[in-house]
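J.: Next input, structure requested:
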Amino acid sequence: MIVKFKYLGLQNDKIENEVEKVEIENNADIQKLIINIKNIYELSDEFFKGCSFMINNRRADLDAKLEDGDYVLIMKALGGG
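T.: Numbers count the residues shown, from 1 in each chain. Predicted coordinates:
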């Protein structure tokens, strides 16, 4: 199945802040999507630490199931003062 995702966080040289499409297995969850993205873009586990997720504009946990055509927003928590 095809899932679209967008990463919102600090710019980096491996993943853009654009909507991307990725093919994943049927009945996958966000955790499997993250594994797939890490493999495609050669990212470390640290890259997704502190992230929040939304599926089709609804908050989701890592075990939330995905369906074909879903749009996943990956948001990196930023701090500072």
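
J.: Name the helix or strand for Ile35, please.
T.: Applying DSSP states H and E as the criterion places Ile35 in helix 30-41.

J.: Can you name every helix or strand that the helix or strand following that helix contacts?
T.: Per DSSP H and E, the first helix or strand lying C-terminal to helix 30-41 is strand 51-55. Judged by 3 or more CB pairs under 8 Å, 6 or more residues apart in numbering; DSSP states H and E, strand 51-55 is in contact with strand 58-60, strand 71-76. All C-beta atoms are positioned from the backbone trio N, CA, C, and that covers glycine.

J.: Buried ones in strand 51-55, by neighbour count?
T.: 51, 53-55 (16 or more other CB atoms under 10 Å).

J.: ok, now stretch 30-46?
T.: Buried residues in stretch 30-46, counted by 16+ other CB under 10 Å: 30, 32-34, 36-37, 41, 43.

J.: Output those residues as JSON lines; include the columns distance to Ile15.
T.: Shown next, in JSON lines, are these (distance: CB to CB, whole Å):
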{"residue": "Ile30", "distance to Ile15": "16"}
{"residue": "Lys32", "distance to Ile15": "17"}
{"residue": "Leu33", "distance to Ile15": "13"}
{"residue": "Ile34", "distance to Ile15": "12"}
{"residue": "Asn36", "distance to Ile15": "13"}
{"residue": "Ile37", "distance to Ile15": "8"}
{"residue": "Tyr41", "distance to Ile15": "5"}
{"residue": "Leu43", "distance to Ile15": "7"}
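
J.: Let me see the mean pLDDT of stretch 34-48.
T.: Per-residue pLDDT over stretch 34-48 has a mean of 89.

J.: Using PDB, write out every CA atom in that stretch.
T.: Backbone C-alpha positions of stretch 34-48 (Å, rounded to 0.1, in the frame of the first residue of the first chain) are rendered in PDB as follows:
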ATOM      1  CA  ILE A  34       9.300   4.700  10.700                       C
ATOM      2  CA  ILE A  35      11.500   1.600  10.100                       C
ATOM      3  CA  ASN A  36      10.800   1.900   6.400                       C
ATOM      4  CA  ILE A  37      11.600   5.700   6.400                       C
ATOM      5  CA  LYS A  38      14.800   5.100   8.400                       C
ATOM      6  CA  ASN A  39      16.000   2.500   5.900                       C
ATOM      7  CA  ILE A  40      15.200   4.600   2.800                       C
ATOM      8  CA  TYR A  41      16.800   7.800   4.100                       C
ATOM      9  CA  GLU A  42      19.500   6.100   6.200                       C
ATOM     10  CA  LEU A  43      18.400   7.800   9.400                       C
ATOM     11  CA  SER A  44      19.200   6.800  13.000                       C
ATOM     12  CA  ASP A  45      16.800   6.000  15.800                       C
ATOM     13  CA  GLU A  46      17.600   9.400  17.300                       C
ATOM     14  CA  PHE A  47      16.000  11.200  14.400                       C
ATOM     15  CA  PHE A  48      12.500  10.100  15.500                       C
END
